[in-house]
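# Fold the following for me, if possible:
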Amino acid sequence: MLWLAVVLVAGCAAPAADVQPPAFGEPAGSLWVVDHGWHTAIVVRRADVDRVRWPEVDDLPAATFVEIAWGDREFYMATPATAWMALKAALGSGASVLHLVAFDAPIAAAFAGGEIVELRVSRPGLEALARFIADAHERDASGRPIRLAPGLYGASAFYAARGRYSLAHTCNTWIARALQTAGLPVTPSGAITASDVMRQLKTTRAVH
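Below you'll find the model as predicted:
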């Protein structure tokens, strides 16, 4: 049990066929799913973000792209993280966190060595995704997002998030829910590991 918890929680610290049409209609933009090994993240163009639905994106430095990931707060922010933290998170964490990164480098260069899949998404799908991310923020009494600390790399930050991490709802489950919200044919149920998410994207066109 301990080794499984460590493997799954640690993640939260080839070309295929074209993607199926999004549920919200004709594709209007792109997002990218990045496999970091044990966990996945979503990348969007900052210009595609609807500020009405996710105004907090402007808290980040101006950049071409924004990477979004979610996970257990204690484990994700720890330096270094421990097996005990992983076990506690797997059994049901007390708090979660969003990790947001702003960057300008080409996506393939920014995440060299990792599998990257590009997904075509409709405009309503991108708007729904922006709202999903905005709703994931935990907020203070005035409704502002709670910035906790600098992030792990680049122009990044940790923000307090809603939801609890567990073996049944990992960082990869959260990513699958976000993709489903965007109108993509992804099922969160059973999406526990990064491989589970990427396996569902085999009908997409890989960027790298």
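# pLDDT score for L2?
If you check L2, the pLDDT there is 36.
# just the strands in the chain please.
Here the chain has its strands, by DSSP state E, at 29-35, 40-45, 65-72, 96-103, 116-121, 147-150, 155-161, 205-206.
# can you list those strands in JSON lines and add distance to D59, mean pLDDT and mean neighbour count?
(C-beta placed from N, C-alpha, C; glycine too.) Output for those, formatted as JSON lines (distance: least, Cβ to Cβ, whole Å; pLDDT from 0 to 100; neighbours: other Cβ atoms under 10 Å):
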{"stretch": "strand 29-35", "distance to D59": "20", "mean pLDDT": "95", "mean neighbour count": "21"}
{"stretch": "strand 40-45", "distance to D59": "15", "mean pLDDT": "97", "mean neighbour count": "23"}
{"stretch": "strand 65-72", "distance to D59": "11", "mean pLDDT": "95", "mean neighbour count": "25"}
{"stretch": "strand 96-103", "distance to D59": "8", "mean pLDDT": "96", "mean neighbour count": "24"}
{"stretch": "strand 116-121", "distance to D59": "23", "mean pLDDT": "94", "mean neighbour count": "21"}
{"stretch": "strand 147-150", "distance to D59": "7", "mean pLDDT": "96", "mean neighbour count": "14"}
{"stretch": "strand 155-161", "distance to D59": "8", "mean pLDDT": "96", "mean neighbour count": "20"}
{"stretch": "strand 205-206", "distance to D59": "31", "mean pLDDT": "44", "mean neighbour count": "14"}
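# Any chance of TSV for these, columns distance to R199?
Formatted as TSV, the strands of the chain follow (distance: least, Cβ to Cβ, whole Å):
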stretch	distance to R199
strand 29-35	11
strand 40-45	11
strand 65-72	19
strand 96-103	23
strand 116-121	11
strand 147-150	32
strand 155-161	25
strand 205-206	13
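# out of those strands, which comes closest to E56?
Between E56 and the strands of the chain, the tightest spacing by Cβ to Cβ is seen for strand 155-161, at 7.7 Å.
# what does that closest one contact?
With contact meaning Cβ atoms under 8 Å, 6 or more residues apart in numbering, strand 155-161 is reached by 56, 59-61, 63, 67, 70, 73, 76-77, 95-103, 136-138, 145-151.
# Which residue, neighbours along the chain excluded, lies closest to D35?
Excluding the flanking residues, the one nearest D35 by Cβ to Cβ, 6 or more residues apart in numbering is E115, at 4.2 Å.
# count of residues packed around that neighbour?
E115: 19 surrounding residues under other Cβ atoms under 10 Å.
# Check H137 too.
19.
# quick one: it from R131, how far?
Separation of H137 from R131 (Cβ to Cβ, to the nearest Å) stands at 11 Å.
# how about the lengthiest helix in the chain: buried residues?
Secondary structure of the chain per DSSP state H: the longest helix is helix 123-136. Buried residues in helix 123-136, counted by 16 or more other Cβ atoms under 10 Å: 123, 125-130, 132-134, 136.
# That one versus strand 40-45: what angle between them?
Angle between the axes of helix 123-136 and strand 40-45 is 120 degrees (criterion: axes from the mean of the first three to the mean of the last three Cα atoms, to 10 degrees).
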